[in-house]
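In: How does the following fold in three dimensions:
(one chain, ligands or ions: 1)
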Amino acid sequence: MRRRRGYPSPCASPCSPSIRAGTSTRTCTYRRTNEIPRGVSLPQAPSTGEQPSICRPIPPSGLRHPLPVASPIFDPLRNSSVMAATAFLLVVSVIALSVITLVFPDLFGNLTGPPLPPGPRPKLLAGNVHQVPRVEPWKTYADWAKKYGQIFLLRVFGQKIIVLNSHSAVADLLESRTSIYSDRPRVWMYKELIGRKLAVFSISSENPRFRIYRKLLKSGLSSRANQEYLPLLYRETKTLLRNLKEYPDQFISHARRNAAAIILEIAYGWQVNSNDDYFVSLMEESFKLHAEIVRPGRWLVDAYPILRFVPSWFPGGGFHKQAEIYRGQFARIDQIPHAWAKEQLHSGTYTPSFTSRYMLKEDGSAPSDEEEDIIKWTSSALYVGGADTTVSVLTSFFLLMALHPESQKRAQDEIQRVVGMSRLPTADDSDRLPYVRALILEILRWCPVAPLGLPHSVTRDDVYDGYRIPKGATVYANIWALSRDPEVYPNPSTFDPERFLPAPNGTLTQMDPRKFVFGFGARVCPGAQFAELSLFVSIARILGTFDVAKPVDEHGREVEPKVEFTTTVTSHPKPFECRITPRAQALEQGVFDE
Ligand code: HEM
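Out: Residues are numbered from 1 along each chain as shown. Prediction:
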C-alpha cells in the first residue's frame, strides 16, 4: 500500500500527552504503523487500556515485519463498502461501454482512424435491416449512392456491408486489391452448421484449397476445353429448337432443360434423355434448398453467431436439428452424381467429363480422398454456377426480343445474310455476326444476371477514398448500378445493341459489360468463356429459326409483357408470355429435322 505523507504529527496512541506531543525524551512504545489521512477522526482510547488500532506494539527486533502492516482503514479488500462501490462502478462502466458501442458501434474506430463510409442512419441492434428494400434492392442502392457517395455502408445485425456503386471503386478494390478483397463472408447456418464452407462459391480465399479449385476450373473451362464441348452444345440446341417448335409456351422449361443437360454432361458425363430427368430434379432440389436456407433474416444464428452455442435440446436451439437435416439432403445431392460418374469409370464405359478428366490420373493411380473431395466440389460448382445463370440470360433474351422487334429483325437479317437458311449457325460464324454478338452483350448489360454479384469479404483493414473498410466487412459490387452508369453508357435504360458494334478498328466504343457482369478479381466467374460460347450458339440458332413476339389478347391486339425481375442472387424475369413461332424459311429448309 502506498504511504501518505504529512499526517498530523501527534501520535494517537494512549501514551502520555507529552510523548504524544513529542515534548518528552521518552520514546513511544507503540510504533506508528500508518499515516492518518486528513479528515479522518481517530477513535478515543478505550477506558480498558486497549490500544486503538492505529498503533501496534513494536515486535522484538528479529520478528519485525519486513513491511509495515496495512491499517484496515486503508485496505479496501477488507472494507466491504469500498469493495461494493468499486464493483458497482465496474459494472456501470461495462454497461455504459456496451450501450455506447451498440449506439455508436464505430465510435472507437472513428476516433482512432478514418471514418467508416457514410450510409443510411441505422437503428439500434437491427441496423439498416428495415431500410433494405425487399424488391430489387440494387435500384435503391443506386439511388442511395447519389445521396451518400459511390461507396456507402449498411449495418445488418452488427454485420458491416459496404456497397460499391462505381466502376472506379470496383476496379480499385475488387480488382487491384483482390488479394484482400476476395474472401467470402462467414455465414453460420449455411457454411458452418450445414457444412457447406468447402463449396467453391463459399470457400475462404485463405484456404489452400481455393487455389486448387480455381486451377481445376480454369483448365476444365478453358477455351481449348470449350472446343471439346461444341458437339454437345450443337446436339442440345437442336433438342431445344425441336422443343420450342413443339411446345412454344413452355420456353422457360426448355431453356432449363437445355442448360441442365449441357452442364450435367460436362460435369459428370450424364446424358439427359427426358424432361423429368432424375439428376435434373436433384439439381433443382439443391437450388431450392439453397434459396430456402440463405434467405436473408431466416436464421437468428446468422445475426447473432453466439447462439450457435445454444444446445439443440434448449428452447430456440432447434436450428441445430434443422442444420442436420439440410446437411443430409445436401450430402445426397452431392454424392449421387459423383458416385454414378465414378461407377461409370470403373465399368470402363463412360462419357468423358470434368469428373473423368481428374479422377483418371495420368500416372494411373487412384486419387486420394482429399483429391476426390476436391473433384466432387468443383464438379458440383459447374452445375450451381452454370445452369441457373444461362437460363436467366435465355429467358431475358425471349423477353427483350418480344419487346424490341427491330433489334430482333436486324439480328435475323444478319444471320440470313451471313449463314443463310440451309444450316444452323455455328461457333465459327461468330466473327461474321457482330450484331448478334452485340445483342448478347446488350442483354448481359441491360439485365445483369447477378445484379449484386456475389458478396466478397475483406481480410485486412483497409482505407479507401478517406474511408475505413474494416476487416471482415462484406463488400458488394452493385453490378446493376455499373450497367446503368450514364457516364459510361449514354441513355443507359435504353436497350440498344448498337452500342456494342465494334468500331472499324475492331474495338468497342462503350465499356464491354463482360468486364463486370462476371464478377471480379480472384473470384471472377471461371465459366465466363463457356457461358459466352453456349449463349452464342443457342441465341444465334433461335434467332435463325424463330420469331419471338408479344402475346395477343382475344381481339388479336398485342399485349405488353411486364418487365419485372426476381429478387434473387441470380435474377430472372418474372413469368411472362410471348409468342414463339418457327420462321417459314427454317421450316422449308427442314432445319428442325436435322
Ligand atoms: C451468363 C452466365 C454467367 C454469369 C453472368 C456468371 C456470373 C458470375 C458471377 C457474378 C460470379 C461471382 C464472381 C465474384 O464473386 O466476383 C460467378 C462465380 C462463379 N461462376 Fe459464373 N456466371 C455465369 C456462368 C457460369 C458458368 C457457365 C459456369 C460454369 C460452367 C460458372 C461457374 C462459376 C463458378 C464456379 C463461380 C464461383 C467462383 C468463386 O467463388 O471462386 N458460371 N459467376
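
In: I'd like to know how many residues surround residue 274.
Out: 8 (other CB atoms under 10 Å). (C-beta placed from N, C-alpha, C; glycine too.)

In: same thing with the one 5 residues further on?
Out: Burial of residue 279, expressed as a neighbour count using other CB under 10 Å, amounts to 20.

In: For residue 184, list the residues it contacts.
Out: Applying CB atoms under 8 Å, 6 or more residues apart in numbering to residue 184 gives the contacts 201-205, 454-457.

In: Tell me the secondary structure of the residue of the stretch 351-500 of the chain found nearest the ligand, please.
Out: Using CB to the nearest ligand atom, the closest approach of the stretch 351-500 of the chain to the ligand is made by residue 385 at 2.4 Å. Following DSSP: H, G, I helix; E, B strand; the rest coil, residue 385 is assigned to helix.

In: Around the closest residue to it other than its chain neighbours, how many other residues sit close by?
Out: Leaving aside its sequence neighbours, residue 385 sits nearest to residue 527 (CB to CB, 6 or more residues apart in numbering; 5.4 Å). Residue 527: 21 surrounding residues under other CB under 10 Å.

In: Residue 527 contacts residue 378, correct?
Out: No. Here residue 527 lies out of contact with residue 378, judged by CB atoms under 8 Å, at a distance of 11.4 Å.

In: which residues are common contacts for those two?
Out: Shared contacts of residue 527 and residue 378, defined by CB under 8 Å, 6+ apart, are found at residue 217.

In: residue contacts, the closest residue to residue 466 other than its chain neighbours?
Out: Spatially, and ignoring its direct neighbours in sequence, residue 466 is nearest to residue 114 (5.7 Å; CB to CB, 6+ apart). By CB under 8 Å, 6+ apart, residue 114 lies in contact with 463, 466-468.

In: Could you do residue 367 as well?
Out: Residues near residue 367 by CB under 8 Å, 6+ apart: 358-359, 361, 375.

In: secondary structure class for it?
Out: coil.

In: again, but for residue 129
Out: Secondary structure state of residue 129, per three-state DSSP, is coil.

In: start to end distance for stretch 418-431?
Out: 10 Å (CA to CA, to the nearest Å).

In: what sits up against it?
Out: With contacts defined as CB under 8 Å, 6+ apart, stretch 418-431 is touched by 230, 233-234, 237-238, 241, 415, 432-433, 436-437, 533, 536-537, 540-541, 544-545, 583, 585-586, 588-589, 591, 594.

In: how about the residue nearest to residue 466, secondary structure?
Out: Strictly by three-state DSSP, residue 114 counts as coil.

In: Among the contacts of residue 114, which one is most surrounded by other residues?
Out: When neighbours are taken as other CB under 10 Å, the top entry among those is residue 468 (20 neighbours).

In: Contact partners for the residue in the stretch 51-200 of the chain positioned nearest to the ligand?
Out: Proximity of the stretch 51-200 of the chain to the ligand (CB to the nearest ligand atom) peaks at residue 200, 4.9 Å away. Taking CB under 8 Å, 6+ apart, we find residue 200 in contact with 213, 217, 377-378, 380-381, 384-385.

In: before we move on, what about residue 490?
Out: Shown in contact with residue 490 (CB under 8 Å, 6+ apart): 499, 510.

In: any idea whether it is helix, strand or coil?
Out: Following three-state DSSP, we place residue 490 in the coil state.

In: Kindly report the same for residue 152.
Out: Reduced to three states by three-state DSSP, residue 152 is strand.

In: so how far is residue 114 from it?
Out: Using CB to CB, to the nearest Å, residue 152 is found at 15 Å from residue 114.

In: if you skip the residues just before and after it, what's nearest to residue 442?
Out: Excluding the flanking residues, the one nearest residue 442 by CB to CB, 6+ apart is residue 497, at 4.2 Å.

In: can you check residue 233 too?
Out: Per CB to CB, 6+ apart, closest to residue 233 is residue 537, 4.8 Å.

In: residues in contact with the one you found?
Out: 230, 233-234, 237, 425-427.

In: Would you mind writing the CA trace of the helix or strand containing it as PDB?
Out: Element membership for residue 537, per DSSP states H and E: helix 528-545. Extracted in PDB, the C-alpha atoms of helix 528-545 (Å, rounded to 0.1, in the frame of the first residue of the first chain):
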ATOM      1  CA  ALA A 528     -17.500 -16.900 -68.400                       C
ATOM      2  CA  GLN A 529     -15.900 -18.100 -71.700                       C
ATOM      3  CA  PHE A 530     -18.000 -21.200 -71.700                       C
ATOM      4  CA  ALA A 531     -21.200 -19.200 -70.900                       C
ATOM      5  CA  GLU A 532     -20.500 -16.800 -73.900                       C
ATOM      6  CA  LEU A 533     -19.900 -19.700 -76.200                       C
ATOM      7  CA  SER A 534     -23.100 -21.600 -75.100                       C
ATOM      8  CA  LEU A 535     -25.200 -18.400 -75.300                       C
ATOM      9  CA  PHE A 536     -23.900 -17.500 -78.700                       C
ATOM     10  CA  VAL A 537     -24.800 -21.000 -80.100                       C
ATOM     11  CA  SER A 538     -28.300 -21.000 -78.500                       C
ATOM     12  CA  ILE A 539     -29.200 -17.400 -79.300                       C
ATOM     13  CA  ALA A 540     -27.900 -17.400 -82.900                       C
ATOM     14  CA  ARG A 541     -29.800 -20.600 -83.600                       C
ATOM     15  CA  ILE A 542     -33.100 -19.500 -82.100                       C
ATOM     16  CA  LEU A 543     -32.900 -16.200 -84.000                       C
ATOM     17  CA  GLY A 544     -32.200 -18.100 -87.200                       C
ATOM     18  CA  THR A 545     -35.200 -20.300 -86.800                       C
END
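
In: Quick one: distance of it to the chain centre.
Out: Its chain's C-alpha centre and that of helix 528-545 lie 29 Å apart, by CA atoms, centre = their mean, to the nearest Å.

In: Would you mind giving the secondary structure of residue 272?
Out: Taking three-state DSSP, the label given to residue 272 is coil.

In: just checking, it touches residue 264?
Out: Yes. With contact defined as CB under 8 Å, residue 272 reaches residue 264; the gap is 6.0 Å.

In: Which one of the two is surrounded by more residues?
Out: residue 264 (26 against 19).

In: in a helix, that's where the more buried one is, yeah?
Out: Yes. Counting by three-state DSSP, residue 264 falls inside a helix.

In: ok, and the closest non-adjacent residue to it?
Out: Leaving aside its chain neighbours, residue 264 sits nearest to residue 270 (4.4 Å; criterion: CB to CB, 6+ apart).

In: and the one you found, what does it touch?
Out: With CB under 8 Å, 6+ apart, residue 270 has these contacts: 264, 279, 337, 340-341, 351, 353.

In: what about it, distance to the ligand?
Out: According to CB to the nearest ligand atom, to the nearest Å, residue 270 stands 15 Å off from the ligand.

In: near the ligand, which residues of this protein?
Out: 200-201, 217, 221, 381-382, 385-386, 389-390, 393, 449-450, 453-454, 517-520, 523-527, 530-531 (CB under 6 Å from any ligand atom).

In: Distance of the residue nearest to residue 233 relative to residue 371?
Out: Distance from residue 537 to residue 371, by CB to CB: 33 Å.

In: Identify the residue of the stretch 201-350 of the chain closest to the ligand, quick one.
Out: residue 201 (4.7 Å).
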